[in-house]
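Enquirer: The sequence and its predicted three-dimensional model are supplied below.
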Amino acid sequence: MEEGLVKRVAERYASVGARMYARGKLGSDPVAAQLLELGRERALGHVVDAGAGRGQMGIMLLEAGLATKVTGFDWDEGKVADANAAAKGLEASFTRGDVREHPIPPCDTLLLLDVLHYLTDVQQEALVRRAAAAAGRTVVVRELDPDRGWRSFTTRVQEAVTTSFGYNVGERVRVRPIADVVRPLEEAGFSVRVLPSWGSTPFANVAVIATR
């Protein structure tokens, strides 16, 4: 991960805590590097980030010149405020919205990163199908794979702890087989590949990259 890019994005955040979070997330989370690689392979265009948190992934893509516009939403009002402050001067906007019901605007690329497991099975299925209908070219889902042994157990524990302490605003940790994410994307006409997205961490995250 390019240190200069990480620094530029992190310095956009006003509070020390938000800056440290953005720097740590972009510098160590393998999905950030995977998004950059994807953006260099194909045009990402207008990116919608559903469950954007503080918006660091979309802001990173804009700073890298790999997206033309970013629209994000998240149900945590404080994180949305951080995202909008950091996005000042960029072609980006973030609003407060619950992924279970917030409209997904038509876009070129849809990001759904570390979101699905906070929803029920029915809500997860509906959200993936809405994402597939909204995205013209690319959908990227990052989720916990329940079939990765000790990695899966470690990730479940970590998510349960962060949710119980309120760091992540979610109701539950509900994990479904990755095949249940892949299927509706393929049915919508996407070609799908599943890549490890845990890097040097002990977690079981995978990136589901759907393109057409």
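Expert: All right, it came through fine. Keep in mind that what you see is a predicted model, and the values were worked out from it rather than measured.
Enquirer: Now do the same for Arg54: helix, strand or coil?
Expert: coil (DSSP: H, G, I helix; E, B strand; the rest coil).
Enquirer: Could you count how many residues lie near it?
Expert: 26 (other Cβ atoms under 10 Å). Glycine gets a C-beta too; all of them are placed from N, C-alpha and C.
Enquirer: Next up, phi/psi of it, please.
Expert: Main-chain torsions, Arg54, degrees, to the nearest 10: phi -80, psi 0.
Enquirer: Which pLDDT value goes with it?
Expert: Listed pLDDT for Arg54 reads 97.
Enquirer: From what I see, it and Ala14 are in contact.
Expert: No - counting by Cβ atoms under 8 Å, Arg54 stays clear of Ala14, with 11.1 Å between them.
Enquirer: out of everything not next to it in sequence, what's closest to Glu77?
Expert: Arg96 (5.2 Å; Cβ to Cβ, 6 or more residues apart in numbering).
Enquirer: give me the number of residues near the one you found?
Expert: Neighbour tally, Arg96, other Cβ under 10 Å: 14.
Enquirer: Could I get the pLDDT score of it?
Expert: pLDDT, Arg96: 98.
Enquirer: Next, it: phi, psi?
Expert: Per degrees, to the nearest 10, the backbone of Arg96 is at phi -80, psi 130.
Enquirer: number of nearby residues for Val157?
Expert: Residues within reach of Val157, counting by other Cβ under 10 Å, total 11.
Enquirer: which stretches of the protein form helices?
Expert: 3-10, 16-28, 30-41, 56-63, 77-86, 121-134, 150-164, 179-187 (DSSP state H).
Enquirer: can you dump the C-alpha coordinates of the last one into PDB?
Expert: Extracted C-alpha coordinates of helix 179-187, given in PDB (Å, rounded to 0.1, in the frame of the first residue of the first chain):
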ATOM      1  CA  ALA A 179     -21.900 -19.300  -2.000                       C
ATOM      2  CA  ASP A 180     -25.100 -17.400  -0.900                       C
ATOM      3  CA  VAL A 181     -23.400 -14.100  -1.900                       C
ATOM      4  CA  VAL A 182     -22.000 -15.400  -5.200                       C
ATOM      5  CA  ARG A 183     -25.300 -17.000  -6.400                       C
ATOM      6  CA  PRO A 184     -27.500 -13.800  -6.800                       C
ATOM      7  CA  LEU A 185     -24.600 -12.000  -8.400                       C
ATOM      8  CA  GLU A 186     -24.100 -14.700 -11.000                       C
ATOM      9  CA  GLU A 187     -27.900 -14.800 -11.600                       C
END
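Enquirer: And for that helix, what's in contact with it?
Expert: Identification of contacts with helix 179-187 by Cβ atoms under 8 Å, 6 or more residues apart in numbering yields 116, 124-125, 128-129, 132, 139, 141, 143, 192, 194, 208, 210.
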